Structure formats: C-alpha cells, structure tokens
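> Build me a model from this:
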Amino acid sequence: MSRGKSSTLDADLEQVFGNPLPELYEAAAGPDASPALARALELRSFLALTEEQVARVRDRVHADMDPDRDMGELSADRLRFDAQWLEAALDARDGYRAALGELLRTMPSPGPRARPVRTTQLRVTATLPPSAAPVPPRAGAARARRP
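Next up, the predicted model:
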C-alpha cells in the first residue's frame, strides 16, 4: 500500500478511524485488523496513486503550454494524448474518491462497539378455572334443516 504519498481524503480517514495514518497502517497489518480499515487503506492507496497521475499530466501540460517555450515544439497530437490520459486519471480519481467517501460515511462510530441486547420473552402459563356458566347442550352443533 502507498504510505508515502498523500491523498485528498487522508484527514477524513484519520477522523473516522481516530488515529494518524501510520498507526492505521500498523493496525491494518495486525491479526485483528478490521476489514473496513483494510479496504479503506487500499482505496486510499489507489486514490493517492491516481492523484499523483493527475498531477503529473497536469504538470506536463502546463510545461508544454509555458509561454516561454518555443512554439515549434507544441504538438496537437501530444496535447490530445495528454487530454485522454488526464480524462482517464480524473475518472479513476473520482471513482476512488466516491468509493472511499461512501465507505467512510457508512462506517460505524469508532467508539466501543455496542453489543446486541438479548431479550428473553416471558411466557405466561396459567390454567383457567372451569367456567361457572353451563354450556348449552347443542353449543357448536349444526342446526337441523326444517322441511
């Protein structure tokens, strides 16, 4: 994973997980590593790499368009190629930012995890005393048809 390069979501990661990045990387390497932390750091590494690619293409285009540069060196094909690279890198960056942002938004709070509460349902069993009222002799019987 890319630890040395920064990303635009580093502060968000530190805030959600409650530790600086170096400590988060150490925790992710441990045996009790959270799958969410491992995924977040993986996405962060991809984001950092992609942001570096965006910056490289941007800097190359700026250098090519420098006003002090010889106009004879300017190449429309090279600029079109850089525009394609920049578009691909920006699309990738946007995708990684969205995925990491969604993961960070859906994370449970970093405090102690609440344990599920077990409830037992009480059952009431009681026997009812025999009814004091007599049951009619034909209770529940079907009526006979009259001709």
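> in the protein, what spans have low per-residue confidence?
Along the chain, the model assigns pLDDT under 70 to residues 1-2, 108-147.
> could you redo the last one with a cut-off of 50?
112-122, 124 (pLDDT under 50).
> and the one helix or strand L43 maps to, how far out from the chain's middle?
Taking DSSP states H and E as the criterion, L43 maps to helix 35-64. In terms of CA atoms, centre = their mean, to the nearest Å, the centre of helix 35-64 is set 18 Å apart from its chain centre.
> count of neighbours near G30?
By the criterion of other CB atoms under 10 Å, G30 has 9 neighbours. Where you see a C-beta, it was placed from the backbone N, CA and C, and this is true even at glycine.
> circling back: what are the buried residues along the helix or strand just after the helix holding L43?
Where DSSP H and E defines the elements, the next helix or strand beyond helix 35-64 is helix 76-105. Neighbour-count burial for helix 76-105, counted by 16 or more other CB atoms under 10 Å, picks out 82, 85-86, 89-90, 92-93, 96-97, 100, 103-104.
> what does stretch 49-68 give?
The neighbour-count check on stretch 49-68 (16+ other CB under 10 Å) flags 49-51, 53-54, 57 as buried.
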